[in-house]
Every structure is written in structure tokens, then in C-alpha cells.
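# Here is a sequence with its predicted model. Questions after.
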Amino acid sequence: MAQDPSRFRQKGRSSEREVGFRERMNRHIENSPGTFFERLEHFPKYTSRQVLARYLALYEVFKLALDVQGDIVECGVNWGGGLMALAQFSSVLEPVNLQRRVIGFDTFEGFPSIAEQDKKGEAVTAEMRVGGLAASCYEDLLECIALYDTNRSIGHIEKVVLVKGDATLTIPEFVKENPQIIVSLLHLDFDLYEPTKAAIQNFAPRMPKGSVVVFDELNNVSWPGETTAVLDTLGLKNLRIRRFPFEPYISYAVIE
């Protein structure tokens with residue numbers, strides 16, 4: 001069955017060579033021997049260096065926050081790979097930390113709106129629109145979380161929480177309903193100005209020294225909203241922004 005090439009374009013600026021690799025690998029995976037689970041057990045055979053680099057970066061920032069009290073907040077779940085990676089890291093590295101939750105915010109229907117601050121990027125991307133980057137996987141993720149709970153310590157206590165809806169509304173409401181929340185790691189991957197600003201305004205006051213804020217589109221010419229939201233809230237001069245030499249998009253700052 002022919003595949004739509006646009007499916008294989010990543011959020012960054014994919015080259016035709018990269019798109020071709022993803023198309024060819026997709027066909028190869030579909031025709032590879034073994035069960036689906038066996039293929040996943042040997043995922044390095046099938047993934048790209050870019051994807052592997054991203055998970056390595058998430059692992060490194062998770063370790064930075066490992067000894068900090070508080071929840072992990074993922075702002076922009078998309079298909080859920082990052083969210084569940086962070087959850088798996090927690091179950092492996094701190095199996096009895098029953099107080100750490102991994103909380104994901106997303107509409108699961110794409111962008112609800114585009115602000116003026118988001119339209120000033122130098123590079124045009126087709127996903128900069130209402131409904132862009134939609135990942136209709138809410139029910140799928142709920143089942144993944146249920147299965148995850150059966151394969152970890154203290155699986156009867158809730159670990160992963162999904163919050164569906166417009167984050168400019170759901171984040172303030174969530175904080176109001178969870179007055180105890182402390183955030184040890186805040187991953188900003190909304191891409192856009194308004195939800196990023198809402199996340200910072202509501203969660204930054206709840207981040208102790210040593211906690212980590214992770215950026216996905218900082219200094220990105222296609223997605224200026226995240227940088228603008230940071231400038232309008234935290235201010236860059238107050239942050240020591242670090243990055244990894246092997247991953248171009250993820251950067252982070254430890255709250256000092």
C-alpha cells in the first residue's frame with residue numbers, strides 16, 4: 001500500500017533523504033520476520049539515529065532530576081513516546097518512588113489555536129495551523145498505561161496521568177485541583193506560545209532548586225512561540241541553557 005510521504009516528515013526540517021529513509025524503513029518493518037513484540041524488543045534494528053538520540057537526551061535530563069522531589073510534567077504528548085519513556089525510566093531507576101507521577105498534557109486533536117507570536121518564524125511549516133500535529137492516540141495511550149502498570153513495582157498506585165484538552169485551560173485547573181504538586185522536571189514541547197506560557201506560569205513557581213526545565217523548540221526558526229514565551233516569563237538571562245552535542249532540538253536548564 002502506498003504511503004503518504006508527508007507522514008514521514010518530522011517536526012523539524014526533514015530532508016528528502018530522511019523522508020526516503022523513513023519510507024523504506026517503514027516498508028521493511030512491515031515485512032520483517034518475528035512478532036510485533038519481538039521486533040520492538042530489538043528496536044535498534046529499526047529506529048533512526050535521530051530517534052535514538054532523542055531518547056538518549058530524555059534519559060540524560062531524567063537523570064538530572066532523579067534525586068529531586070516532585071512530578072514530571074510533559075507538555076505536549078503527541079504519540080506518547082516521550083511520555084512513556086520518562087515513565088519507563090522512573091520504573092527502572094526508582095521503582096519504589098510512589099510519589100513521582102508522570103503527567104502529560106495534550107489536546108490529542110492537534111493545535112487548538114495559533115497566536116500571533118507563533119507566526120513570525122523564518123521557515124514555513126505546514127503543521128503551523130489549527131489541528132496541526134494531531135495525534136489521535138488518547139485511547140491507545142490509556143491502554144499502554146494500563147499495560148505499563150502490570151509490569152512495574154507498586155503498579156496499583158497511579159503513575160502516569162493524561163490530561164486531555166486545551167492546556168491554557170487544563171493546566172490552571174489541574175494545579176488548582178492538585179495543590180500539593182511539585183515539579184522536578186518540566187518538558188516544554190507544546191511548540192506554541194500560549195500553552196507554553198501557561199505551563200511556565202503555573203508550574204515554574206512549583207519547581208525547587210535543582211529541578212530541570214526542558215525545551216524542545218528553543219531557538220527554532222520554524223517555531224518561535226516557545227522562545228517568546230520563555231522571554232516573556234522566565235527570561236533567558238535567568239537561565240543557564242545547556243544542550244547535548246548529539247541532539248539538535250532538546251536543551252535544558254537546571255533551576256538554580
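Great, that's in hand.
# Was I right to think Leu218 contacts Tyr252?
No. Using C-beta atoms under 8 Å, Leu218 is not in contact with Tyr252, being 9.4 Å away. Every residue, glycine included, has its C-beta placed from N, CA and C.
# so where's the chain shaky on pLDDT?
Applying pLDDT under 70 to the chain flags residues 1-13, 124.
# would you list every one of the helices in it?
Along the chain, the stretches classed as helices by DSSP state H are 16-30, 36-41, 49-64, 81-93, 138-149, 167-177, 193-203, 224-232.
# Show me what the last one is in contact with.
To tie it back to what came earlier, the one meant is helix 224-232. The contact list for helix 224-232, computed with C-beta atoms under 8 Å, 6 or more residues apart in numbering, reads 115, 117-118, 120-121, 188, 190-194, 196-197, 200, 215-220, 236, 239.
# Check which residues of it are buried.
Pro224, Gly225, Glu226, Thr227, Thr228, Ala229, Val230 (16 or more other C-beta atoms under 10 Å).
# Export the residues you listed to TSV and append columns for distance to Arg22.
Below are the buried residues of helix 224-232 laid out as TSV (distance: C-beta to C-beta, whole Å):
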residue	distance to Arg22
Pro224	26
Gly225	26
Glu226	25
Thr227	28
Thr228	31
Ala229	30
Val230	31
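# quick revisit: winner for burial among the helices of the chain?
Mean neighbour count (mean count of other C-beta atoms under 10 Å) peaks for helix 193-203 among the helices of the chain, with a mean of 23.
# Packing partners of that one?
strand 71-75, helix 167-177, strand 183-188, helix 224-232 (3 or more C-beta pairs under 8 Å, 6 or more residues apart in numbering; DSSP states H and E).
# What angle do helix 167-177 and it make with each other?
10 degrees (axes from the mean of the first three to the mean of the last three C-alpha atoms, to 10 degrees).
# neighbouring contacts of helix 193-203?
For helix 193-203, using C-beta under 8 Å, 6+ apart, the contacting residues are 73, 75-76, 105, 113, 115, 117-118, 166-168, 171-172, 175, 183, 186, 188, 190, 225-226, 228-230, 232-234.
# got it, and stretch 113-125?
Contacts of stretch 113-125 (C-beta under 8 Å, 6+ apart): 11, 13, 128-130, 191-194, 220-225, 228-229.
# With stretch 206-220 instead?
Applying C-beta under 8 Å, 6+ apart, the external contacts of stretch 206-220 come out as 12, 58, 61, 64-65, 67-70, 76, 121, 175, 181-189, 191, 204, 223, 225-227, 230, 234, 239, 241, 249-256.
# ok, the buried residues of helix 224-232 vs Ser48, which is closest?
Closest to Ser48 out of the buried residues of helix 224-232 is Glu226 (23.6 Å), distances taken as C-beta to C-beta.
# Surely Pro95 touches Arg152?
Yes. Judged on C-beta under 8 Å, Pro95 makes contact with Arg152 at a distance of 6.8 Å.
# Between these two, point out the one with more neighbours.
Neighbours around Pro95 and Arg152, counted as other C-beta atoms under 10 Å, are more numerous at Arg152. The numbers are 15 against 11.
# Report the contact partners of that one.
Counted by C-beta under 8 Å, 6+ apart, Arg152 has contacts Ser91, Pro95, Lys159.
# try 6 Å this time
Ser91 (C-beta atoms under 6 Å, 6 or more residues apart in numbering).
# That one and Glu158: what is the separation?
Plainly put, Arg152 is 12 Å away from Glu158 if you go by C-beta to C-beta, to the nearest Å.
# go on, Ser136?
Distance from Ser136 to Glu158, by C-beta to C-beta: 24 Å.
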